[in-house]
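Trainee: Take a look and give me a structure for this.
(2 chains)
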2 protein chains.
Amino acid sequence: MSTGFVSIVGAGPGDPDLLTRRAVDRLERADLVLYDALASPEIVSLATRAQRFYVGKRAGRHSMAQRTIEQIMVRAARRGVRVVRLKAGDPFVFGRGGEEALALAEAGVPFEVIPGVSSAIAAPALAGVPVTHRGLASSFLCISGHDPEAFITTAEKLSPGSTTLVIMMGLRQRGTLARLLVERGWPKELPVAISWAASTSSARHWYGTLGEMMAFDASDGGEDEAGTIVVGEVVRVALQTRTPLVAGDTDASHVAFAARAADEG
Amino acid sequence: MSTGFVSIVGAGPGDPDLLTRRAVDRLERADLVLYDALASPEIVSLATRAQRFYVGKRAGRHSMAQRTIEQIMVRAARRGVRVVRLKAGDPFVFGRGGEEALALAEAGVPFEVIPGVSSAIAAPALAGVPVTHRGLASSFLCISGHDPEAFITTAEKLSPGSTTLVIMMGLRQRGTLARLLVERGWPKELPVAISWAASTSSARHWYGTLGEMMAFDASDGGEDEAGTIVVGEVVRVALQTRTPLVAGDTDASHVAFAARAADEG
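Mentor: Numbers count the residues shown, from 1 in each chain, chains lettered A, B, ... in the order given. Just a heads-up that it's a prediction; the model follows:
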């Protein structure tokens, strides 16, 4: 009966060239694409023969309930439709991919998960920061900053600076997160990099310290963009290379930065 | 003078279809490819017009010194050569990509870093395990298991089971790592999944508990394969879906597993 199939696909950090070959193949062959806010239009438009539905949370409207999304996938697959569930970054890093996999397995719908380039690693890279680096960090903790209390319960146990902290979904709360860390003995001088809209044409990044991040007040303005915060000594690598890595198609900018670094070095 | 360019490229976990489009482009245009042990032959062979050199650590010979690799890249780029430095997974997750970026910046050689699908996330996914999952884990610690003492110094501070542990380069030491965790109060019943050679045709995985992993004795045999260990409640998701996700091109196996799960459910 069931000849449909669901592919839960990681779209990577935003740049269509950071899609995997398999993700491109599945988009091109899809009949139906369900995508979230962070999926870039260029990526969604690769699904030329598919109906495409936005099921994300932003753009001033209510998000579709998770359960509804799962039901749409199950029903479509049972009608023989090839479904792509497109998720920013990797489906299994804060993407609720596990929940959707469980729902599909429970319904007996065949599916696959195609991992993507995760913003947890690629967004720091865009800011020039390796999450691990010999002599600076041999581990990294990737953690949600959405709920500051849950965040600090986990993060406070680590020795300050011993582990790179990669904080996702924490932009709006970043002042609070920094204050919580400093209250627990993390040094104000610890370097921080923030990367917004990694790998897209509107990408930008900021370098500072935990102490400087403490000053951010969430009421200062809306922060609906996606962004990743990285805290740790590894940020010093970016300050040494001063190269904006992974800067999309603008190879020229890499060259310019690296050459400038050499001139000044 | 310098018209060459170095691309430090993440090759992903092994399957050529998990390469990014940009990685494929750079391989196809490369004059020189320097690759490590874990780069699969299918991926290296995409560099049809390039000279290809193995600079990795295995295959019974000495590895080339890191400094030598960096010098080769710098000299080649200065001669106008397009160099691809190909690294398994993502270049910035235990890949020494940061060190190479620093060496290139210091030498004034223009370069870029192209992130890849990291085995830290994709290898658990191959075993059906999401590193984060609502209600089970809102963070994951990715850590090297190569040096058990350094490993436990960081890992012991986390509340057992509160965070998913993703252990890379720890296969040979896995008995010791499990014993160290259990000695520090991590429950023997905590589920574990191990994924070997993720996304390649020789991929396999094992499910058990910390207590069972304690029994592994490194002297039992050589463990030179790449593998990733994931420890935490999130492993239960895999046991519920029983779907070998990301299983290369063998879509049929996904279908078979998902259908079987439904039959039994």
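Trainee: can you give me the mean pLDDT across the helix or strand hosting A:Tyr207?
Mentor: Using DSSP states H and E, A:Tyr207 sits in strand A:204-209. In this model, strand A:204-209 has a mean pLDDT of 90.
Trainee: now stretch A:164-174
Mentor: Mean per-residue pLDDT for stretch A:164-174: 94.
Trainee: Give me the distance between the two termini of that stretch.
Mentor: Stretch A:164-174 stretches 16 Å from its first residue to its last (C-alpha to C-alpha, to the nearest Å).
Trainee: now do stretch A:168-175
Mentor: Using C-alpha to C-alpha, the end-to-end distance of stretch A:168-175 comes out at 14 Å.
Trainee: Over to stretch A:147-164?
Mentor: Taking C-alpha to C-alpha as the measure, stretch A:147-164 stretches 19 Å from start to finish.
Trainee: Mind checking if it is in reach of chain B?
Mentor: Yes: using C-beta under 8 Å from any C-beta of the partner chain, we find that stretch A:147-164 touches chain B at A:147, A:150, A:153-154, A:157-159, A:162-163. From N, CA and C alone the C-beta is placed, and that goes for glycine too.
Trainee: shaky segments in the stretch 101-250 of chain A?
Mentor: Applying pLDDT under 70 to the stretch 101-250 of chain A flags residues A:219-225, A:242-250.
Trainee: Confirm that A:Arg75 sits in a helix.
Mentor: Yes: according to DSSP: H, G, I helix; E, B strand; the rest coil, A:Arg75 belongs to a helix.
Trainee: if I look at it, how far off is chain B?
Mentor: Distance, A:Arg75 to chain B, using C-beta to the nearest C-beta, to the nearest Å: 15 Å.
Trainee: Just the local confidence number for that residue, please.
Mentor: pLDDT for A:Arg75: 96.
Trainee: count of neighbours near it?
Mentor: A:Arg75 has 14 neighbours, counted by other C-beta atoms under 10 Å in any protein chain shown.
Trainee: got it, and the one 4 residues further on?
Mentor: Applying the criterion other C-beta under 10 Å, we find 14 residues in the vicinity of A:Arg79.
Trainee: do the same with A:Arg29
Mentor: The number of residues packed around A:Arg29, counting by other C-beta under 10 Å, is 14.
Trainee: so where do the strands sit in the stretch 1-150 of chain A?
Mentor: Ranges of strands in the stretch 1-150 of chain A, per DSSP state E, counting those that start in this stretch, are A:5-10, A:32-35, A:51-54, A:82-87, A:111-114, A:139-144.
Trainee: ok, back up a step: closest to chain B out of the residues of stretch A:147-164 next to chain B?
Mentor: A:Lys157 (4.4 Å; C-beta to the nearest C-beta).
Trainee: The closest residue in space to A:Val84 that isn't next to it in sequence and chain B: what is the separation?
Mentor: With C-beta to C-beta, 6 or more residues apart in numbering or on different chains as the criterion, A:Val84 has its nearest non-adjacent residue at 4.2 Å, and that residue is A:Ala30. Going from A:Ala30 to chain B by C-beta to the nearest C-beta gives 14 Å.
Trainee: So out of everything in the stretch 1-150 of chain A, what residue is nearest chain B?
Mentor: Nearest residue of the stretch 1-150 of chain A to chain B: A:Gly108, at 2.6 Å (C-beta to the nearest C-beta).
Trainee: Now for that residue, how many residues are close by?
Mentor: By other C-beta under 10 Å, 18 other residues sit near A:Gly108.
Trainee: do the same with the one 3 residues further on
Mentor: Using other C-beta under 10 Å, the number of residues around A:Phe111 comes to 27.
Trainee: for A:Ala150, same thing?
Mentor: Look at A:Ala150: counted by other C-beta under 10 Å, it has 15 neighbours.
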